[in-house]
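Engineer: test case, fold it:
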Amino acid sequence: MTRPLIPLSILGLALAGCGQSGSSEAAPAPAPRPEATAAQKLVLLAALPAPYNTADLDNGRRAFARCRSCHTVTEGGPNMTGPNLWGIFGRTAGGHAGYNYSPALKAAGFDWDADRLDHWLQNPRSFLPGNKMTFPGLEDATDRRDVIAWLKVETGFVPAGPARPAP
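Structural biologist: Okay, the predicted model is just below:
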């Protein structure tokens, strides 16, 4: 008994559904990580270098409220008036993809760390003249410390050393 042959066009369509289609569409973005628990955030806070390990995360969250109209902090979050801040620590200034930075920030030539962010938050205009950020700054050093610690905990920062929170 002979079996009927499956037309190649049908076989091709069936196989196309099993693999990559060859279309130019980008693969969907990976799902964001689940938010860290309060306990995980405290472990991460404790692993930060001084003085950030003694920061008040609730105060940092409240102080950052002044920044929320321009910045998002979630993984894969959108750029707004300012760039998304997920992964800010260690990122090259003016280097977040998809954001239109000022020429001053594009040419800054440094990577963001806590010290630079502290000076930026104190007075963005004097820290880097010619940038387009209109925020006048955070005068209070405690608020700046707390915002920086909060950003480290909320934006995917991984401290060096053995005291890392579980994923």
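
Engineer: and the next element down the chain from the helix or strand of the chain with the lowest mean pLDDT?
Structural biologist: Every helix and strand of the chain was ranked by mean pLDDT, DSSP states H and E. The lowest is helix 8-16, at a mean of 34. Scanning forward in sequence from helix 8-16 by DSSP states H and E, the next helix or strand is helix 38-47.

Engineer: in that following helix, what counts as buried?
Structural biologist: Neighbour counts over helix 38-47 (16 or more other C-beta atoms under 10 Å) mark 41, 43, 44, 45, 47 as buried. C-betas here are computed from N, CA, C, even on glycine.

Engineer: using PDB, list the CA coordinates for the helix ranked longest in the chain.
Structural biologist: Counting residues, the longest helix found in the chain (DSSP state H) is helix 141-154. Presented in PDB, the C-alpha positions along helix 141-154 are these (Å, rounded to 0.1, in the frame of the first residue of the first chain):
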ATOM      1  CA  ALA A 141      22.800  65.800  51.800                       C
ATOM      2  CA  THR A 142      20.700  63.200  53.600                       C
ATOM      3  CA  ASP A 143      18.000  63.300  50.900                       C
ATOM      4  CA  ARG A 144      20.700  62.800  48.300                       C
ATOM      5  CA  ARG A 145      22.200  59.900  50.200                       C
ATOM      6  CA  ASP A 146      18.800  58.300  50.600                       C
ATOM      7  CA  VAL A 147      17.800  58.800  46.900                       C
ATOM      8  CA  ILE A 148      21.100  57.300  45.700                       C
ATOM      9  CA  ALA A 149      20.600  54.200  48.000                       C
ATOM     10  CA  TRP A 150      17.000  53.900  46.900                       C
ATOM     11  CA  LEU A 151      18.100  54.000  43.300                       C
ATOM     12  CA  LYS A 152      20.700  51.400  43.900                       C
ATOM     13  CA  VAL A 153      18.100  49.100  45.500                       C
ATOM     14  CA  GLU A 154      15.400  49.800  42.800                       C
END
